[in-house]
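Novice: What follows is a protein structure lacking sequence information:
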Ligand SMILES: Cc1cc2nc3c(=O)[nH]c(=O)nc-3n(C[C@H](O)[C@H](O)[C@H](O)COP(=O)(O)OP(=O)(O)OC[C@H]3O[C@@H](n4cnc5c(N)ncnc54)[C@H](O)[C@@H]3O)c2cc1C
Ligand SMILES: Nc1ncnc2c1ncn2[C@@H]1O[C@H](COP(=O)(O)O)[C@@H](O)[C@H]1O
């Protein structure tokens, strides 16, 4: 039986949603052991043990793992991989930071951002901003893969009862330290798990206008808020709002694109949404080629009207 | 301190890629090719560090076909001092690219290696992290802001929840994100000057790196296409649709 080691994304107390899709992908490859590396991470380990489909939890609890610094965590994972065949991590910024470092330590070519498991060593993955899908088979003895969360169903967060085993720490590599973070706390649903997303583009003019036009609509719908690169670059919203090839990949039930043209880099991040709604004054904007429902006109009159009528 | 910047020749980001009819890959014949956009940001950052007096020499490196010379000339025209082209007409995977960069770093001993966060063709997002692992050095991925402070570098990183700041001991590897800077255009005089800057041509064998692929591409297909939907005439019609869908 193929043995997989899954990277659990967590905040020490609880696990993050991204982990659940990774467990599903890993179960399709083989037996699942979940690795919780953190500092004071009993809560997260207990939560990981309850995920349906997890056979065992390894807990590496050490100050060196507090902020998932790749320099400290990658040697831990590479060491544990002596007993496993496949390392599976989410294609989140944490997974993308750590997994290639593990892969290089194992002398393995990583398979990034898998969309499906086609065989023990065969996967599909998007290339060229999702304009092509490659089916690739690894010839390496061990595998390192990252998983696109929107491509796999979420495993049940409860129902499992795995044992938790403490594993030794590889310690601090002494190469890097964590200085701090700027994480905006928000009541809004997280982009990657929101059922509805309202996204704004360059047309929103500035941060104040973005706030006054997009946010009331999102509030009415209980939606997450996204943006195009242009809106982020112009400072309307922070970087973590960016949806696209090089931002977040989302696939909500409903994606509402407001004043976004639909560049391939943006489409790459949202074209698997169930229903796409576009509001744009240019009836030839490429966004309408993927939109299920289009409304042509000036967003500054249409969006407030929509918000008012909901 | 010497800086090594990695630049890849890729399909221009404005071109819509087409899958070849035989399913073996993406059609690159007669397609406009450019420097990977994240690598432009990498080159720009190295130049800014040189303008600040932190970096003394910028070496641009590319692994790719002979035509990747053009990409390196662009880097030289922007402000890199010299270039190394490691020629391979065959596709070289991130792991092998990383091994080549590692070998060059062993020779050049740069204080800083800057790569893009992701090549927009393979969308792998691997090379920088792999180079860091192979060299046993720290990595500041998805950089939004960097500053060299003595023998370390402080990197503000773009992460899923916002931003985080790490401090890395030099030598270090940095991978660029979109907001790190806005790359300059090369001026005409600089494009002329770049023609006489040194560009060394090497092969993977010169560095003892085996570039045999580890991944077999079995096929490349078009993604499922979304059919265009309908246009609604006004907000009332949109509200009706939303109600039908049960979201309003
Ligand atoms: C390496 C690289 C990576 C990238 N990654 C991403 C990514 O991850 N995500 C991403 O989004 N982009 C990404 N991009 C950028 C992408 O190419 C586009 O530039 C960007 O998506 C455009 O944003 P936009 O649609 O908001 O702006 P624009 O293209 O300027 O479109 C604005 C739209 O608003 C409409 N509009 C204007 N005024 C009004 C009005 N009053 N009412 C209604 N409509 C109006 C216009 O008709 C237009 O269609 C990337 C680019 C590169 C080079
Ligand atoms: N063939 C190559 N030659 C030079 N640099 C490369 C090459 N491939 C990747 N890189 C660098 O590594 C970064 C990440 O690429 P990738 O891991 O392929 O997504 C790119 O932005 C480049 O800076």
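Specialist: Arrived safely, thanks for sending. Worth saying up front: this structure is predicted, and the values here are computed from it rather than measured. Ligands and ions are numbered 1, 2, ... in the order given.

Novice: Where does the prediction get shaky in the chain?
Specialist: This is for chain A. Applying pLDDT under 70 to chain A flags no residue at all.

Novice: Chain B is the one I meant
Specialist: Scanning chain B for pLDDT under 70 picks out no residues.

Novice: Nearest to the spatial middle of it, which residue is it?
Specialist: residue B:116 (3.2 Å; Cα atoms, centre = their mean).

Novice: Find the nearest non-adjacent residue to that one, please.
Specialist: residue B:38 (2.7 Å; Cβ to Cβ, 6 or more residues apart in numbering or on different chains). All C-beta spots, glycine's among them, are computed from the backbone N, C-alpha and C.

Novice: For the residue nearest to the centre of chain B, grab phi and psi.
Specialist: The phi/psi pair for residue B:116 (degrees, to the nearest 10) reads phi -70, psi 160.

Novice: any idea how far it lies from ligand 2?
Specialist: 2 Å (Cβ to the nearest ligand atom, to the nearest Å).

Novice: Same question for residue A:230.
Specialist: From residue A:230 to ligand 2 the distance is 21 Å (Cβ to the nearest ligand atom).

Novice: Distance of the closest residue to that residue other than its chain neighbours relative to residue A:178?
Specialist: The shortest distance from residue A:230 to any non-neighbouring residue, by Cβ to Cβ, 6+ apart, is to residue A:202 (3.8 Å). Distance of residue A:202 to residue A:178, given as Cβ to Cβ, to the nearest Å: 34 Å.

Novice: For the chain, which segments are assigned as helices?
Specialist: All of this is about chain A. Remark: helices assigned in chain A by DSSP state H are A:18-29, A:42-49, A:70-80, A:93-105, A:207-221, A:229-233, A:264-270, A:299-309.

Novice: Sorry, I should have been clearer: chain B.
Specialist: B:37-51, B:68-78, B:94-108, B:127-135, B:188-194, B:235-245.

Novice: So which other helices or strands are in contact with the fifth one?
Specialist: Right, helix B:188-194. Packing partners of helix B:188-194 (3 or more Cβ pairs under 8 Å, 6 or more residues apart in numbering or on different chains; DSSP states H and E): helix B:68-78.

Novice: what's in contact with the helix it packs on?
Specialist: Outside helix B:68-78, the residues that touch it by Cβ atoms under 8 Å, 6 or more residues apart in numbering or on different chains are B:5, B:7-9, B:33-35, B:39-40, B:43-44, B:47, B:60, B:62, B:64, B:80, B:82-85, B:87, B:183-184, B:186-187, B:190-191, B:193-195, B:197, B:199.

Novice: Can you mark which positions in the longest strand belonging to chain B are buried?
Specialist: Counting by DSSP state E, the longest strand found in chain B is strand B:139-149. Residues B:139-146, B:148 are the ones in strand B:139-149 that count as buried (16 or more other Cβ atoms under 10 Å in any protein chain shown).

Novice: what two of those have the greatest distance between them?
Specialist: Using Cβ to Cβ, the pair of the buried residues of strand B:139-149 lying farthest apart is B:142 and B:148, separated by 18.1 Å.

Novice: pretty sure residue B:35 contacts residue B:11?
Specialist: No - using Cβ atoms under 8 Å, residue B:35 is not in contact with residue B:11; the gap is 11.2 Å.

Novice: Look at those two and report which has more neighbours.
Specialist: Using other Cβ atoms under 10 Å in any protein chain shown as the criterion, residue B:35 and residue B:11 rank with residue B:35 on top: 25 against 21.

Novice: what's the burial count for the residue nearest to that one when sequence neighbours are not counted?
Specialist: Counting by Cβ to Cβ, 6+ apart, residue B:71 is the residue found nearest to residue B:35 once chain neighbours are left out, at 4.9 Å. Applying other Cβ under 10 Å, we find 25 residues neighbouring residue B:71.

Novice: hang on, the earlier thing: of the buried residues of strand B:139-149, closest to residue A:251?
Specialist: residue B:142 (22.1 Å).

Novice: tell me the contacts of the closest one?
Specialist: A:93, A:96-97, B:117, B:157-159, B:175-177.

Novice: Is there a quick ChimeraX command that grabs whichever of those residues are buried?
Specialist: Here is the ChimeraX command that picks out the buried ones among the contacts of residue B:142, judged by 16+ other Cβ under 10 Å:
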select /A:93,96,97 /B:117,157,158,159,175,176,177
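
Novice: Tell me the spacing between residue B:173 and residue A:97.
Specialist: 12 Å.

Novice: Revised request: answer the last question for residue A:5.
Specialist: Residue A:5 is 17 Å from residue A:97, by Cβ to Cβ.

Novice: re earlier: residue A:202 and residue A:178: which is more packed in?
Specialist: residue A:202 (17 against 14).

Novice: picking that back up, right, and the residue nearest to the centre of chain B touches residue B:176 too?
Specialist: Yes - in terms of Cβ under 8 Å, residue B:116 counts as a neighbour of residue B:176; the distance is 5.5 Å.

Novice: any common contacting residues for those two?
Specialist: Common neighbours of residue B:116 and residue B:176 (Cβ under 8 Å, 6+ apart) are B:38-39, B:41-42.

Novice: Please identify the residues of chain B in proximity to ligand 2?
Specialist: B:6-8, B:36, B:38-39, B:42, B:61-64, B:92, B:94, B:97, B:115-116, B:118-119, B:122, B:124-128 (Cβ under 6 Å from any ligand atom).

Novice: try 8 Å
Specialist: B:5-9, B:36, B:38-39, B:42, B:61-64, B:68, B:86, B:92, B:94, B:97, B:100-101, B:114-119, B:121-128, B:130, B:175-176 (Cβ under 8 Å from any ligand atom).

Novice: near ligand 1, from those?
Specialist: Near ligand 1, by the rule Cβ under 8 Å from any ligand atom, you find B:36, B:38, B:118 out of these.

Novice: Residue of the stretch 1-150 of chain A nearest ligand 1, please.
Specialist: The minimum distance from the stretch 1-150 of chain A to ligand 1, using Cβ to the nearest ligand atom, falls at residue A:129 (8.1 Å).
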